[in-house]
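>>> Quick one: sequence and predicted model below, then my questions.
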Amino acid sequence: MAPVFDSVTLLALFDKLLVVALVYGCSLILKKEAAFRILALVTALYLAEFCAIAAGLSSTASFFHLLLFSVPVIATIIFQSDIKRALFSLWKRNSQGDSVGLDLTTTVDELTKGLYELAERRIGALIVIIRQMSIDHLVQVGTEIDAKVTSELLNSIFLPYSPIHDGAVIIQRDKITSAGCILPLSQNPDIAKSFGTRHRAALGISEQTDVLVLVVSEETGKISIVHEGKIHYDADPAEIRRLSRKAIEGRRAPRGVATPEH
């Protein structure tokens, strides 16, 4: 009797597993949550095709093979915004070279200055800094902006008579990309009742993504850092600068930097 798994069959199986690993690795770079779903889909299709071939069902095997060819197209559609962002970031790093560090320092300086000017005047503000994960599917964009981060622009956006002052400002790299954005509110029942809509919105977006959120309270003039569904109230200026810099660079903050406020 011929062996069930000859060398050709094992090589084909290894080839398919290698493709699964490559697809998973690429998708993991773009968006971790969807990566597991794509991995499960590709693995299931490969197993179905393999079983169909082993059972001698050539038509069924061809059907699953055709579906596998569609996976790259589906992944491209799902991750189109992330792919554009990754390619743009790569081009930007290569084209700017050493100037990135200087621009980053300037951005952090302007952001910090704007925050404390708003806090001093007790003007409420909500600023979201994107790290790596896309938030497009969670945010209702108010006004698209493509401008450098400056304290003057932040002040003008959040002034009470501004038509977009109630929404959030989105920062990605060294740019303000949009303002007046509506964020999902946290449904956590343990949130302190003293927290208003801005803090609940900051918690809501941070519970679902890896963003760093900065909140200025108009009642107290205090600045809060929100990350991973936790709030650090009345944050230290040095901590705000350090975490903002990491977030703008696209790096995750160490766990434990923010604790719930009771």
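Done, it's in.
>>> Start from the N-terminal end of this protein and give the helices.
Using DSSP state H, the helices found in the chain span residues 7-30, 32-54, 58-78, 80-96, 99-120, 151-158, 197-208, 237-248.
>>> between those, which has the poorest average model confidence?
Lowest mean pLDDT within the helices of the chain: helix 80-96, a mean of 55.
>>> buried sites along stretch 119-131?
For stretch 119-131, the neighbour count (16 or more other C-beta atoms under 10 Å) marks 119, 123-131 as buried. For every residue, glycine as well, the C-beta is placed using N, CA and C.
>>> Please parse the chain into its domains.
Using automatic domain parsing, the domain ranges for the chain come out as 7-78, 99-248.
>>> ok, and for stretch 199-217, which residues are buried?
199-206, 208-217.
>>> ok, residue 245 touching residue 104?
Yes: in this structure residue 245 lies within contact range of residue 104 using C-beta atoms under 8 Å: 6.5 Å.
>>> who touches both of these two?
Listed contacts common to residue 245 and residue 104 are nil; contacts here mean C-beta atoms under 8 Å, 6 or more residues apart in numbering.
>>> Report the separation between residue 103 and residue 197.
Relative to residue 197, residue 103 is positioned 33 Å away (C-beta to C-beta, to the nearest Å).
>>> more crowded one of the two?
Set side by side, residue 103 and residue 197 show more neighbours around residue 103, with 16 against 12, by other C-beta atoms under 10 Å.
>>> give me every residue that touches the residue lying closest to the more buried one once chain neighbours are set aside.
The shortest distance from residue 103 to any non-neighbouring residue, by C-beta to C-beta, 6 or more residues apart in numbering, is to residue 174 (5.1 Å). By C-beta under 8 Å, 6+ apart, the contact list for residue 174 reads 103-104, 106-107, 148-149, 248.
>>> If we use 7 Å, what do you get?
For residue 174, the contacting residues are 103-104, 107, 148-149, 248, by C-beta atoms under 7 Å, 6 or more residues apart in numbering.
>>> cool, and residue 132?
For residue 132, the contact set (C-beta under 7 Å, 6+ apart) comprises 210, 250.
>>> Can you give me the separation between it and residue 158?
In this view, residue 132 and residue 158 are 26 Å apart by C-beta to C-beta.
>>> From what I see, residue 207 and residue 229 are in contact.
Yes: if you go by C-beta atoms under 7 Å, residue 207 and residue 229 touch, sitting 4.0 Å apart.
>>> burial of residue 148, as a residue count?
12.
>>> what's the distance between it and residue 134?
Taking C-beta to C-beta as the measure, residue 148 and residue 134 are separated by 22 Å.
>>> same deal with residue 108?
Residue 108 sits 23 Å away from residue 134, going by C-beta to C-beta.
>>> who's more crowded, the two?
Neighbours were counted for residue 108 and for residue 134 using other C-beta under 10 Å; residue 108 has more, 22 against 16.
>>> mind listing what that one touches?
Going by C-beta under 7 Å, 6+ apart, residue 108 touches 241, 244-245, 248.
>>> Kindly report the same for residue 222.
Residues near residue 222 by C-beta under 7 Å, 6+ apart: 119, 233-234.
>>> so which of those comes closest to residue 181?
Nearest to residue 181 among the contacts of residue 222: residue 119, at 20.7 Å, using C-beta to C-beta.
>>> If I follow the layout properly, the closest one ends up in contact with residue 223?
Yes: counting by C-beta under 7 Å, residue 119 does reach residue 223; the two are 5.5 Å apart.
>>> Mind listing the shared neighbours of those two?
residue 216.
>>> Out of the domains of the chain, which is the most enclosed?
Compared across the domains of the chain, domain 99-248 shows the largest average neighbour count, a mean of 18 (mean count of other C-beta atoms under 10 Å).
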